[in-house]
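> Prediction below, plus the sequence it came from.
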Amino acid sequence: MGKKIKAIALYSGGLDSTLAIKLIQQQGIEVLAVHFYTGFCITETKRRRGEKKSDGTHYINPALKYAAKYKIPIEIVDISSDYFHIITNPKYGYGKNINPCIDCRAFMYKKAKEIMIKTKADFIISGEVLNQRPMSQHLKAMKLIEKEAGVEGLVVKPLSAKLLPPTIPEIKGWINREKLEGISGRSRKRQLELAKTLNIDEFEQPAGGCCYLTDENFAKKYQEIISVENTISRDDLYLLTIGRHFRLPSGTKVIVTRNEGEGNFVRGLKDRYWFFEPIGKGAVAIAKTIDANPPSKEDLKQIANLIARYSKTENGKINVKYHSPQGEESIILGEKLEEATLENWRI
Ligand code: SF4
């Protein structure tokens, strides 16, 4: 008996990637789904921090949820440690915000190829649809991405296969091209028909809002750091996923948390940043000066005033405890900052 053909699928939990897997499984191919965590996936980042949605429920990783529902074997692969340079130095530039989609896709394909080789799989599946998204899903970009990743001929896109050049699995007869689809563009009509046929009755709504890097405000804060500090650190970048961001007149950067999950997260950074918390109920904050010296007296007072603005106070006043990264503690009085000043400092 010949070797069973295996495929690695890039899986988001969305309808397109679920359908792509089902179309290939139907042809008797064994599929292992992989879900890459870049550090900038909105739902997964919030889930890891233990944040709750506005209705009080917890965030669920859609890839895990739907892989379980549709009986798709899955692995979550954390690629965040290698991902920093993709964002700060993308060979093919950014999309509308700071989304380096071409480099990102190429990086994911490279990682998928590594897994393919390690698991002795034969090819890769992607739920991408031709011309569905502007930056990375037109034919020229698709070819470029595959060339860059060294996976030419190895990536089957079952939803658009009939419109694309035949891949190695099709040429070798491992899969039947005629049973794949020829979808192009943003309409989801054909996908919804297929979902009915394949008994996919529930799925994650079309993404787009799933990656911080496509978010306009995230991009604005990123560019602000580059323009003020001329550089950005790994920590700076990951901290853009939380809190309210302020730049004081001295250049000191302050991040005030918005919820308990963010508060717990920044507490874990106390040995790297100046940390501020109200003695009472309210938001906490971390601060970083521009020259790595301790914050000035003026800075300390202004940060305490910011904390007072986001805390439960009596007459607008609250005591704020602050800690140096070395663990020294002091207390300062915070007096609710005026809205005009707050808005002036907000990034
Ligand atoms: S939207 Fe985000 S995760 Fe998706 S390809 Fe672009 S950078 Fe990568």
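Alright, I've got the coordinates.

> what's the burial count for the closest residue in space to Pro166 that isn't next to it in sequence?
In this structure, Pro166 finds its nearest non-sequential neighbour in Arg177, 6.2 Å apart by Cβ to Cβ, 6 or more residues apart in numbering. Every C-beta, even on glycine, is put in place using the N, C-alpha and C of the backbone. Arg177: 17 surrounding residues under other Cβ atoms under 10 Å.

> which residues sit in contact with Asn131?
137-138, 184-186 (Cβ atoms under 8 Å, 6 or more residues apart in numbering).

> list the contacts for the residue lying closest to Phe203 once chain neighbours are set aside?
Distances taken as Cβ to Cβ, 6+ apart place Leu15 nearest to Phe203, at 4.3 Å, with adjacent residues excluded. Leu15 is in contact with 188, 191, 195, 200, 203-204, 206, counting by Cβ under 8 Å, 6+ apart.

> rewinding a little: state the distance from the residue nearest to Pro166 to the ligand.
26 Å (Cβ to the nearest ligand atom, to the nearest Å).

> From what I see, that residue and Ala161 are in contact.
Yes: using Cβ atoms under 8 Å, Arg177 makes contact with Ala161 at a distance of 6.0 Å.

> Name the residues of the stretch 1-150 of the chain found near the ligand, please.
38, 99-101, 104-105, 136 (Cβ under 6 Å from any ligand atom).

> okay, now Gly13: neighbour count?
For Gly13, the count of nearby residues is 25 (other Cβ under 10 Å).

> What residues does the residue nearest to it when sequence neighbours are not counted make contact with?
Nearest in space to Gly13, with sequence neighbours left out and distances taken as Cβ to Cβ, 6+ apart, is Pro62 at 3.1 Å. Neighbour list for Pro62: 12-14, 43, 204 [criterion: Cβ under 8 Å, 6+ apart].

> From the chain's centroid, how far away is the helix or strand where Ala63 lies?
For Ala63, the element it lies in under DSSP states H and E is helix 62-69. Offset of helix 62-69 from its chain centre (Cα atoms, centre = their mean, to the nearest Å): 18 Å.

> how about the closest residue in space to Arg190 that isn't next to it in sequence, what does it touch?
Leaving out its chain neighbours, the residue that sits closest to Arg190 by Cβ to Cβ, 6+ apart is Ile183, at 5.0 Å. Counting by Cβ under 8 Å, 6+ apart, Ile183 makes contact with 129-130, 159-160, 163, 190-191.

> returning to what we had before: what sits in contact with each of Arg177 and Ala161?
By Cβ under 8 Å, 6+ apart, the residues touching both Arg177 and Ala161 are Glu170.

> What segments of the chain are strands?
Along the chain, the segments classed as strands by DSSP state E run 6-10, 30-37, 74-78, 123-125, 155-156, 244-247, 253-256, 274-278, 285-288, 317-323, 329-335.

> Just put the ones you listed in CSV and tack on distance to Phe218, mean pLDDT and mean neighbour count.
Below are those laid out as CSV (distance: least, Cβ to Cβ, whole Å; pLDDT from 0 to 100; neighbours: other Cβ atoms under 10 Å):
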stretch, distance to Phe218, mean pLDDT, mean neighbour count
strand 6-10, 23, 98, 24
strand 30-37, 17, 97, 20
strand 74-78, 20, 96, 15
strand 123-125, 29, 98, 26
strand 155-156, 29, 98, 26
strand 244-247, 10, 98, 20
strand 253-256, 13, 98, 25
strand 274-278, 23, 97, 22
strand 285-288, 18, 98, 24
strand 317-323, 27, 96, 19
strand 329-335, 28, 97, 14
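
> Can I get those in a markdown table including distance to Ala20?
Listed next are those as a markdown table, based on distance: least, Cβ to Cβ, whole Å:
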| stretch | distance to Ala20 |
| --- | --- |
| strand 6-10 | 7 |
| strand 30-37 | 9 |
| strand 74-78 | 14 |
| strand 123-125 | 5 |
| strand 155-156 | 8 |
| strand 244-247 | 38 |
| strand 253-256 | 39 |
| strand 274-278 | 46 |
| strand 285-288 | 42 |
| strand 317-323 | 50 |
| strand 329-335 | 53 |
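
> Let me know whether Ile175 touches Gln26 as I believe.
No: the pair Ile175 / Gln26 is not scored as a contact, 9.7 Å apart, by Cβ under 8 Å.

> and for the lowest-mean-pLDDT helix or strand in the chain, what are the contacting residues?
Between all helices and strands in the chain, the lowest mean by mean pLDDT, DSSP states H and E belongs to helix 42-48, at a mean of 89. Identification of contacts with helix 42-48 by Cβ under 8 Å, 6+ apart yields 37, 39, 58-62, 209-212, 241, 261.

> and if we set it to 6 Å?
Here helix 42-48 makes contact (Cβ atoms under 6 Å, 6 or more residues apart in numbering) with 37, 59, 61, 210, 212, 241.
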